[in-house]
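Visitor: generate coordinates for the sequence data below:
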Amino acid sequence: MVRQSDSLMTSSPPSAHWSLIIIGTGFAGLSLALQRMNGRQEDFIVLEQAQSPGGTWRDNRYPGCACDVPSHLYSLSGAPPWDWQRKYAEAPDIEAYLAHLAHSLGSRIRYRAQVTSASWQAHKQLWQVELNDGSCLTCRFLVAGVGPLSEPAWPDFPGVENFTGPLLHTARWSKNQDLKGQRVGLIGTGASAIQVGPALAPEVAQLIIFQRTAPWVVDRKDHPYTPGIRRLLRTSPFLRRAYRTWLYFTRELKGLAFLRPNLMRKIEAYVRRDLTHKVVNPRLRQKIMPKTPMGCKRILLSDTWWSTLEFPHVTLETDPIHHIEATHLVTETGTRYALDALVLATGFRYQDNPMARLFKGEEGITLEEFWKEQRSAYLGMMMPSFPNFFLLTGPFSGLGHNSIVFMIECQTRWIQSALAHVAALGKSEFKVRAQAYAAFTNEMNRRSKNSLWMQGCQSWYLDPEGRNTALWPGLSLSYWWRTRRFNAQDFEYA
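Guide: Model (predicted):
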């Protein structure tokens with residue numbers, strides 16, 4: 001198991017200009033970098049703002065943090081095998097996996113290199129990238145693999161700044177934080193909350209969970225792999241591929257329910273019956289029975305959430321939060337909870353991610369300004385006015401049913417094809433045509449209208465106008481089909 005090593009911290013070769021700069025060392029950035037290394041295309045550098053790789057799996061260190069996609073599917077298809085210990089990998093194992101991948105890139109990664117701005121220089125047909133240490137790099141092509149869920153969303157409850165105890169966001173967990181024997185408030189019941197809550201409950205004296213909307217929770221059915229199974233999956237390429245393929249298609253079939261509400265309603269009825277049988281307390285059952293259609297928000301996986309809520313020292317509070325004091329949280333009906341610590345499982349800034357302010361395209365327009373009317377990207381990767389610039393996991397490339405790593409590999413292969421095509425033409429600059437971009441955006445809006453995500457829920461998938469801008473409105477197979485080749489006619493060149 002490889003962690004941070006001396007080679008990871010080695011500076012890149014002394015150069016200020018590169019053919020390609022990749023930002024980020026999560027799955028997205030490493031996937032593209034490894035493809036280029038394997039193809040002996042070494043004219044690139046990877047910039048990482050932290051001192052170690054891993055992206056979201058480095059930053060999310062809260063107790064219980066794990067993946068909700070099976071580990072053998074949540075890994076790069078072309079990378080060497082990894083000895084996954086569980087069906088659903090825990091965060092430290094995924095971080096170690098990404099560190100192992102980064103290790104093979106050696107000095108191609110420059111650590112402690114935070115991008116403060118990146119601007120297109122039209123007269124030079126180059127991107128100029130400014131770093132926090134005052135240095136400046138240039139490149140012909142720029143790829144942002146910073147991740148759409150990287151900036152924590154901090155709640156603005158009145159008085160939250162006056163709280164005197166530890167204030168812990170799940171995406172910025174303090175190292176070695178000890179909450180044993182304390183009275184802890186947990187705000188949120190989303191994906192991180194249903195992991196951190198069961199992990200904290202056995203340790204704390206009291207856990208009060210503040211719920212705004214009851215989530216849909218289904219069994220995770222997690223389990224450790226036996227030593228024999230681990231050995232087979234590690235040493236047999238055939239069995240490993242077969243298992244990965246089985247995992248992929250079983251999850252892909254579930255994606256049909258997101259596109260056909262009638263099918264999801266049948267699954268919803270089954271989950272309701274399951275909840276009724278498993279949760280005996282009728283008062284608690286009423287609180288956790290979802291009121292929204294299943295699938296319009298993220299469906300959560302847990303084997304321990306419902307049972308945690310039944311612990312005698314755990315309270316589920318559905319009354320809205322009114323304000324926060326130095327040592328108390330007060331609800332709208334006046335109930336006061338004395339707390340030693342507050343855990344914020346309040347998610348990320350997606351629709352207003354400040355990352356969009358860093359990138360300036362033609363005529364100095366920022367990505368944030370370009371997205372003022374609607375967040376969108378051609379195939380989730382490119383926008384007019386931003387030549388030679390790619391996003392990884394951009395708008396309309398997320399998934400609600402399968403592995404985002406599959407989408408990432410579709411994107412990185414497409415980018416490789418695009419760069420090869422531009423090189424074959426002998427061109428220095430290319431960008432998606434405004435007509436192709438508009439047609440793609442209109443198609444995504446049209447196809448999203450009948451999806452479950454737009455059936456009355458409020459979620460981070462939707463923009464202020466109620467439009468889905470996050471998820472691919474189809475099966476991941478259809479995205480693979482769309483990105484299997486580069487459509488040259490959708491672009492203009494210089």
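
Visitor: from residue 459, how far off is residue 122?
Guide: 38 Å (C-beta to C-beta, to the nearest Å). C-beta coordinates here come from the backbone N, C-alpha and C atoms, glycine included.

Visitor: of those two, give the one with the bigger neighbour count.
Guide: A direct count of neighbours by other C-beta atoms under 10 Å for residue 122 and residue 459 places residue 459 higher, at 18 against 14.

Visitor: and that one, how far from residue 299?
Guide: Residue 459 is 11 Å from residue 299, by C-beta to C-beta.

Visitor: strands along the stretch 1-150 of the chain, start to end?
Guide: Along the stretch 1-150 of the chain, counting by DSSP state E, counting those that start in this stretch, strands occupy 17-23, 44-47, 109-110, 115-121, 126-131, 136-144.

Visitor: in JSON lines, list the ones you listed along with mean pLDDT, mean neighbour count and distance to residue 475.
Guide: Shown next, in JSON lines, are those (pLDDT from 0 to 100; neighbours: other C-beta atoms under 10 Å; distance: least, C-beta to C-beta, whole Å):
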{"stretch": "strand 17-23", "mean pLDDT": "96", "mean neighbour count": "21", "distance to residue 475": "28"}
{"stretch": "strand 44-47", "mean pLDDT": "96", "mean neighbour count": "24", "distance to residue 475": "31"}
{"stretch": "strand 109-110", "mean pLDDT": "96", "mean neighbour count": "22", "distance to residue 475": "34"}
{"stretch": "strand 115-121", "mean pLDDT": "96", "mean neighbour count": "17", "distance to residue 475": "33"}
{"stretch": "strand 126-131", "mean pLDDT": "97", "mean neighbour count": "20", "distance to residue 475": "34"}
{"stretch": "strand 136-144", "mean pLDDT": "97", "mean neighbour count": "21", "distance to residue 475": "26"}
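
Visitor: mind putting the ones you listed in JSON lines, distance to residue 392 included?
Guide: Below are the strands of the stretch 1-150 of the chain laid out as JSON lines (distance: least, C-beta to C-beta, whole Å):
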{"stretch": "strand 17-23", "distance to residue 392": "9"}
{"stretch": "strand 44-47", "distance to residue 392": "12"}
{"stretch": "strand 109-110", "distance to residue 392": "16"}
{"stretch": "strand 115-121", "distance to residue 392": "14"}
{"stretch": "strand 126-131", "distance to residue 392": "16"}
{"stretch": "strand 136-144", "distance to residue 392": "6"}
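
Visitor: out of the ones you listed, which is closest to residue 329?
Guide: strand 115-121 (36.8 Å; C-beta to C-beta).

Visitor: tell me the contacts of the spatially closest residue to residue 131 that is not a sequence neighbour?
Guide: Excluding its sequence neighbours, the residue lying closest to residue 131 (C-beta to C-beta, 6 or more residues apart in numbering) is residue 113, at 5.3 Å. Shown in contact with residue 113 (C-beta atoms under 8 Å, 6 or more residues apart in numbering): 47, 48, 49, 131, 132, 133.

Visitor: widest-spaced pair of those?
Guide: Maximum distance among the contacts of residue 113 (C-beta to C-beta): 13.2 Å, for 48 and 133.

Visitor: any common contacting residues for these two?
Guide: With C-beta under 8 Å, 6+ apart, residue 48 and residue 133 have common neighbours 112, 113.

Visitor: when those two are compared, which one has more neighbours?
Guide: residue 48 (25 against 9).

Visitor: what does the pLDDT read for the closest residue to that one other than its chain neighbours?
Guide: Nearest non-adjacent residue to residue 48, counting by C-beta to C-beta, 6+ apart: residue 25, 4.5 Å away. On pLDDT, residue 25 comes in at 96.
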